[in-house]
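J.: sequence first, predicted model second:
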Amino acid sequence: AQKVTQAQTEISVVEKEDVTLDCVYETRDTTYYLFWYKQPPSGELVFLIRRNSFDEQNEISGRYSWNFQKSTSSFNFTITASQVVDSAVYFCALSEAKGGTSYGKLTFGQGTILTVHP
Amino acid sequence: KAGVTQTPRYLIKTRGQQVTLSCSPISGHRSVSWYQQTPGQGLQFLFEYFSETQRNKGNFPGRFSGRQFSNSRSEMNVSTLELGDSALYLCASSSQGATQYFGPGTRLLVL
């Protein structure tokens, strides 16, 4: 069975600080996808990033970056120079990937509430 | 492209009633997945439909059912509502093998 753990329940930072959200996952699948989603107070889940299990290259996209380490089953997400608008609940998620496709079943972590103070 | 749309956005029902929620995916997306979000259990997968067939199912009782139409629109139905069914129900769509994009959700309150 798949499992995603986000140990940080809540994080509070001051604007312009960097913040890293931790995510640890468990799966027996050899190929899988990892995701980060953001949920603002409106409730809609907003897709941020996706990574597949066979590509451990870490990237930066604007103020977002991620660190995928298969050896430790971790997929951490960093926001650089945080802004008040980044305040939201952030979810890490995992899906199996058979034949290179990602079936539509996401397993989510419990979420991390990020509050960015001005 | 228009995003995923869900109707209704808010719903109040009483115990024992049934409810039907609707989801219209992004144009061209053939996969639709449904999730339930509650404060206690978090985000849980209900089921996924692809080309009118249920491809995957979560651990929910048979009171929760769904279907998908030929235009990829999907509905989920909950019969004999219980207080614990109060939740945010999220629908997501994807083209095969790609990222799931979520709708705004339907907030269901069962009294």
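T.: Now that the structure is in, tell me what you want to look at.

J.: can you point me to the longest strand in chain A?
T.: The strand spanning the most residues in chain A, taking DSSP state E as the definition, is strand A:88-98.

J.: which residue ranges of chain A form strands?
T.: A:3-5, A:10-14, A:19-21, A:24-26, A:32-39, A:46-52, A:60-61, A:64-69, A:74-79, A:88-98, A:101-102, A:107-108, A:112-117.

J.: if we can go back for a sec, in the longest strand of chain A, what's buried?
T.: A:88, A:89, A:90, A:91, A:92, A:93, A:94, A:95, A:96, A:97 (16 or more other C-beta atoms under 10 Å in any protein chain shown). Backbone N, C-alpha and C define where each C-beta goes, glycine included.

J.: cool, stretch B:91-109 as well?
T.: If you call a residue buried by 16+ other C-beta under 10 Å, then stretch B:91-109 has these buried ones: B:91-94, B:99-108.

J.: stretch A:67-80 now?
T.: Going by neighbour count (16+ other C-beta under 10 Å), the buried part of stretch A:67-80 is A:67, A:68, A:73, A:74, A:75, A:76, A:77, A:78, A:79.

J.: tell me who's in contact with the residue nearest to the spatial centre of chain B.
T.: The residue lying closest to the centre of chain B (C-alpha atoms, centre = their mean) is residue B:34, at 3.6 Å. Contacts of residue B:34 were listed using C-beta atoms under 8 Å, 6 or more residues apart in numbering or on different chains, and they are B:23, B:45, B:46, B:47, B:48, B:66, B:74, B:76, B:89, B:90, B:91, B:92.
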